[in-house]
Every structure is written in C-alpha cells, then in structure tokens.
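Trainee: Any chance you can model this:
(one chain, ligands or ions: 2)
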Amino acid sequence: MNGLKEKLTAVLKAAGADLVCCGPIERFRDSAVKKLFPEVKTVIGIACRMLRGSRRGIEEGTTYYQYTTSVETLEEVILPGVLLRGCTVLEEAGFEALPQRRTPLITRHKDETNFEVDYAEVYTGGEAETLLDFERCAVDAGLGEIGDSGSLLTDAFGPNQRIAFLLTDACLPADPIREPHLCDHCGLCRKACPGQALRVDGSRDPWQCAAYYKGANRSKNPFMPENAFADEPERLKIISGEAELSPEQARRVMDLIRFYPPIKHAMTASMCGRNCDTACYVHLEEKGVLTKKFHTPFRKRPEWTLPINN
Ligand code: SF4
Ligand code: SF4
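Mentor: Ligands and ions are numbered 1, 2, ... in the order given. Coordinates of the predicted model:
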C-alpha cells in the first residue's frame, strides 16, 4: 500500500478537493458508517471550499442566485466527481470504496426538513440509520471542529466548505483529530440569524431556519412586497424575525415566499445568505486565525438592513 494515500490525495486534489483527511474506522462514532460498509477500515474526509466571492452578492444585497448555484455545483457536480475519481484510484489498487455525498432531499429524522431545498421535495422515510452524520464524521476524519453554530469549522476556510466521504477497506495512514480551537463561543452566529433559528445548545430549528433561509425576514429581503403575508395573524412578528414558527406555519410562510424559484435539485436561493456562517467567517477572519488569507477583508462596510414597516 506504499504511497497509496499520497496518490489518492493528489488525484482528489487535482479533481477539485481542497482538504483530504483519513481516519481509521475505530474512531468513528457514527454507527451508520459500519452499517453502510461493514468491512470499512478507513474513512476519507474530503472538503471543497465555498468560494468567498459566491457570498458577495448577498453581502451587498444585489444577487442571490450565485451563492445557491455555487452550493449546487459543489454538491451535485464537483464533489461527486471528486468521489468517483477517488473510488477509481482505490479500485485500481484492488480495494473497494463507497462514495458518500450529501443527499439534500432525504432527511435523517422524520418531520425534519433541509433548509437549503424546497420542503415539498424532501423525503423523510426510512433511511435514517444509514445516512451519515456528516459533521460528526468530518471531525472524526480530522477535517476540523464543530462550532456553536453546528457548522464544521476548518483552519483554512472556517465555516466555508462542503464535504463528502469515501469509505474504503484499504488501511490508510491516519491524520490526527483536530483539537477544537477555532470556536470561541462568541455567539455571533446566533445573533446573525434573521430568524432566531439557532438554539443556545447549538442545534438548529430546521423549520424556522428553512423559512428564514428563504427570506421571511423583511429586513434582509429586498424582494419582499409591501403586502407580504398580509393574511397571516402573526405577520409583523414573522417579517421581523420574532415569530416562533411551528412546522405548519413555516410551511405556510414558505408557500408564500416565491421571490426566486428553486433551481435544479430543488435548491432554493438563500435570502439570509447563511448569515450564521458569514458572521462566523467574518469573526474568524478578523481574529486572523484562518490559514487561507485574502488581500482584503470580506466585510468591507457595515451590514445593510431594510426597514420592517407595517
Ligand atoms: S460565530 Fe463564534 S460561536 Fe459561532 S461558531 Fe463561530 S466562533 Fe463559534
Ligand atoms: S442564518 Fe440562515 S442558515 Fe443560518 S440558522 Fe439562520 S436562517 Fe438558518
């Protein structure tokens, strides 16, 4: 197996991966890993950076599609391609490899949703036991740590990456688990959410997040018409981000939010700009702890906000 990890890493990076880490199966806490592939010996964590420029339009309040199409391209094109290239290298060496990319239209738990897609397209049946917990597996692979926002944070990109995994029966040299050191519990991610969807314990209210991701807060949605949600009894609370939406209410709100249509794979435009992660990125950049540096800071002027009005 001499040099297999190096060869695999080089191929994955040539195909578009930015970070590659290997962890032995013994340290993976998620029982789904072994259910998926009982003979698995190594889990390979792969991260592709979210391009900083894809957030620029939302940061300026000008264009929202670019962020979403970047997410879609990474999840539906780049990462699957990276995984297949990696599988080929491992198969050439006589090993089996199972690719694991996110399945945005299937949720782990019943009555959940995925905030990044149209809720009506989400399937919540029976595969929960074999759906990986991606964030947990990323930590066990050695890619990074989980912040109070629930997002994976890496030294290079903070919260800005998308991830996937290869499960293989090859024994590859392990990378160390990262000691948590990025998240300083500043609380800025929670404060930045326009819908108060992040709970103090770090979990996310999936329905609340889904509604505000899609633009239910007027102060962050330049496309909201004057009479939006006119018939909703809690209208003011909804458009100011103070409503606590039940799943039924959230579905109703989302049915009324059609500022941008979903794109392929049911991904919807992010009107909140995933502001929880943006706030975290700005914070980590200001602290100077990220290894990927830019010539200028991401946040160039104070955050914009629109009046709520009645
Ligand atoms: S914004 Fe602060 S509390 Fe939230 S994940 Fe980032 S560092 Fe942690
Ligand atoms: S900022 Fe957006 S993505 Fe983050 S928790 Fe709030 S609604 Fe969800």
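
Trainee: In a strand, Ile46, correct?
Mentor: Yes. Per DSSP: H, G, I helix; E, B strand; the rest coil, Ile46 lies within a strand segment.

Trainee: ok, so what distance separates it from Thr154?
Mentor: Look at Ile46 and Thr154: by Cβ to Cβ, to the nearest Å, they are 12 Å apart. Every C-beta, even on glycine, is put in place using the N, C-alpha and C of the backbone.

Trainee: can you list residues touching both of those two?
Mentor: Counting by Cβ atoms under 8 Å, 6 or more residues apart in numbering, the shared contacts of Ile46 and Thr154 are Leu19.

Trainee: Can you pick out the residue with more neighbours from those two?
Mentor: Ile46 (30 against 24; other Cβ atoms under 10 Å).

Trainee: Who are the contact partners of that one?
Mentor: 12, 17, 19-20, 79, 82-83, 86, 163-166.

Trainee: just Pro297 next, same as before
Mentor: 282, 285-286.

Trainee: if we can go back for a sec, among the contacts of Ile46, name the ones in helices.
Mentor: Among the contacts of Ile46, the members found in helices (DSSP state H) are 12, 79, 82-83, 86.

Trainee: residue ranges of the helices in the chain, please?
Mentor: Under the criterion DSSP H, the chain contains helices at 4-14, 32-36, 56-60, 65-73, 79-92, 134-141, 188-192, 206-213, 235-239, 247-256, 275-287.

Trainee: Switch these over to JSON lines; also include distance to Leu306 and mean neighbour count.
Mentor: Output for those, formatted as JSON lines (distance: least, Cβ to Cβ, whole Å; neighbours: other Cβ atoms under 10 Å):
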{"stretch": "helix 4-14", "distance to Leu306": "42", "mean neighbour count": "17"}
{"stretch": "helix 32-36", "distance to Leu306": "42", "mean neighbour count": "17"}
{"stretch": "helix 56-60", "distance to Leu306": "13", "mean neighbour count": "17"}
{"stretch": "helix 65-73", "distance to Leu306": "19", "mean neighbour count": "18"}
{"stretch": "helix 79-92", "distance to Leu306": "35", "mean neighbour count": "18"}
{"stretch": "helix 134-141", "distance to Leu306": "32", "mean neighbour count": "22"}
{"stretch": "helix 188-192", "distance to Leu306": "16", "mean neighbour count": "19"}
{"stretch": "helix 206-213", "distance to Leu306": "14", "mean neighbour count": "26"}
{"stretch": "helix 235-239", "distance to Leu306": "10", "mean neighbour count": "18"}
{"stretch": "helix 247-256", "distance to Leu306": "18", "mean neighbour count": "18"}
{"stretch": "helix 275-287", "distance to Leu306": "14", "mean neighbour count": "21"}
